[in-house]
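**Student:** Show me how the following folds:
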Amino acid sequence: MVADKPVFQEKRCNNFSFPTWPQYDEAEEKILMEVLHSGVWWKTPGEQVYAFEREFAQFIGVDYAIGVTNGTAALEVAVSALGIRPGDEVIVPDFTFVATASAVLSVGAMPIFVDVNPDTYCINAEEIQKAVTSRTKAVIVVHLGGHPVDLDAILDLCRSHHLYLIEDCSHAHGSEWRGKKVGGFGDFGTFSFQQGKLLTAGEGGAIVTNNADLELKARSIHDCGRLPDQWFYSHFNYGSNYRMTEWQGAILRKQLERLPDQGRIRNRNAAYLDRELEKIKGITPQWSDPNCTHNGHYAYIFHYDSEKFSSLPLTQFVMKLEEAGIPIQASYPPLHELDLFQNGIYRSRITTDQDYQFLMEKDYPHTVKGARETIWFPQNVLLAEEYILDQMVHVMRETLNKEVCA
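**Tutor:** Below is the predicted model:
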């Protein structure tokens, strides 16, 4: 049983104590027991998922939200609902999790990789412009680490080329651009509720939109091609079972209530780390665009100048931080380097003769830099007390001074 006080335990890592993740208390226990005793554990006749969809849509500031099994499924449903098909191209950042690209392959279309901004590590609008062809149908952007992409430039570009825009918001629950939450700018926004995400049910995802026609298509696809208010065994579209369970919907409702306060703490602590780490020459925090009015901070990302710290390679620096008890989250490898795209397996999913094997580091310099020269602190680090952050910064300074000046 859950104790009387909230379960916001701290996980001790050598000399450091960080809040565990996820955070929960008897509110989550109570609603899960309600689902248990209801005997209704699946979405269709239930109430928890539908309630979460309404509450999440209100939180994001959109008209519609659809709960699905995971963030990858959310991307796949969104791509399918837009009518992306074999022979089409979809532009994606080279610096992201594989699902951003594999969702495109799932409908037989071609993901086209482009480089990222050297300061935010988010997809670069100028690189998108260079990649547009007559076959381009959509752009998928990723708000990396929680920092929004340049939505002004990318929305203008998509409008001028009549391209669909999907926002992959798996890192960006609550992030804002010019005071408006991300996810509601594009034709679709997609979210992940996997264990480490800012809003979690262990697994889960959501699709959001303001377009009623697209919502109907996506809702049908996520429910085996059914349409609302039709006979259960009527199937009008090609789809699959991507439905969220009542367990996921229930716990997400309570986790959503915690998110705003957690977000404020993360932003405050990230700003503190920015100020302190900027004092260390060779350490550069991920740049924050002034139009980013809130960063969800799925991760705290900073660049490590390998040339300045040539006597202490990044891998050794990370190892020393981990030995001291500071948790590090792995960065993504560039998509173009993945075996999936280098060994030709992707060809079974497409109809064109596109070959990824010719792609080279020089084509994606900022992605390669981001993948090999950034360090990520996981989001629960930003929920720690300020004195813990002080200790972290002290360890980083001492490690660099000791190794570099030795």
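
**Student:** D119 contacts Q286, correct?
**Tutor:** Yes - shown here, D119 and Q286 form a contact pair, counting by CB atoms under 8 Å, at 7.4 Å. (Each C-beta comes from the backbone N, C-alpha and C, glycine too.)

**Student:** Looking at those two, which has the bigger crowd around it?
**Tutor:** Between D119 and Q286, Q286 has the larger neighbour count (other CB atoms under 10 Å), namely 25 against 15.

**Student:** The residue nearest to that one when sequence neighbours are not counted: which element?
**Tutor:** Spatial nearest neighbour of Q286, excluding adjacent residues (CB to CB, 6 or more residues apart in numbering): I301 at 4.2 Å. I301 is part of strand 299-304 when elements are defined by DSSP states H and E.

**Student:** Tell me the buried residues in stretch 174-183?
**Tutor:** Within stretch 174-183, the residues scored as buried using 16 or more other CB atoms under 10 Å are G174, S175, E176, W177, K181, V182, G183.

**Student:** no wait, stretch 303-312
**Tutor:** Here stretch 303-312 shows H303, Y304, S306, F309, L312 as buried, counting by 16+ other CB under 10 Å.

**Student:** Confirm for me that G184 is in contact with V62.
**Tutor:** Yes - between G184 and V62 there is a contact under CB under 8 Å: 4.5 Å.

**Student:** what residues are shared contacts of those two?
**Tutor:** V208, N210 (CB atoms under 8 Å, 6 or more residues apart in numbering).

**Student:** From the buried residues of stretch 303-312, which one has the minimum pLDDT?
**Tutor:** Minimum pLDDT across the buried residues of stretch 303-312 is recorded for S306, with 90.

**Student:** can you map out the helices along the chain?
**Tutor:** Using DSSP state H, the helices of the chain run over residues 26-38, 48-60, 71-81, 99-105, 125-131, 151-161, 212-221, 246-277, 314-323, 339-342, 365-373, 386-404.

**Student:** list the helices and strands the last one packs on?
**Tutor:** So that's helix 386-404. Other elements packing on helix 386-404 under the criterion 3 or more CB pairs under 8 Å, 6 or more residues apart in numbering; DSSP states H and E are strand 16-19, helix 246-277, helix 314-323.

**Student:** any idea of the mean pLDDT for the first one?
**Tutor:** Read it as strand 16-19. Mean predicted confidence for strand 16-19 is 88.

**Student:** what does the last one give?
**Tutor:** Averaged across helix 314-323, pLDDT comes to 96.

**Student:** by contact count, what packs against it?
**Tutor:** strand 374-378, helix 386-404.

**Student:** on that earlier part again, the residue nearest to Q286 is in contact with D119, isn't it?
**Tutor:** No - the pair I301 and D119 does not pass the contact test of CB under 8 Å, sitting 10.8 Å apart.

**Student:** which residues do these two both contact?
**Tutor:** Common neighbours of I301 and D119 (CB under 8 Å, 6+ apart) are Q286.

**Student:** burial measure for the closest residue to A138 other than its chain neighbours, as a count.
**Tutor:** Distances taken as CB to CB, 6+ apart place Y164 nearest to A138, at 3.9 Å, with adjacent residues excluded. Neighbourhood size, Y164 [other CB under 10 Å]: 21.

**Student:** With that, I have no additional questions.
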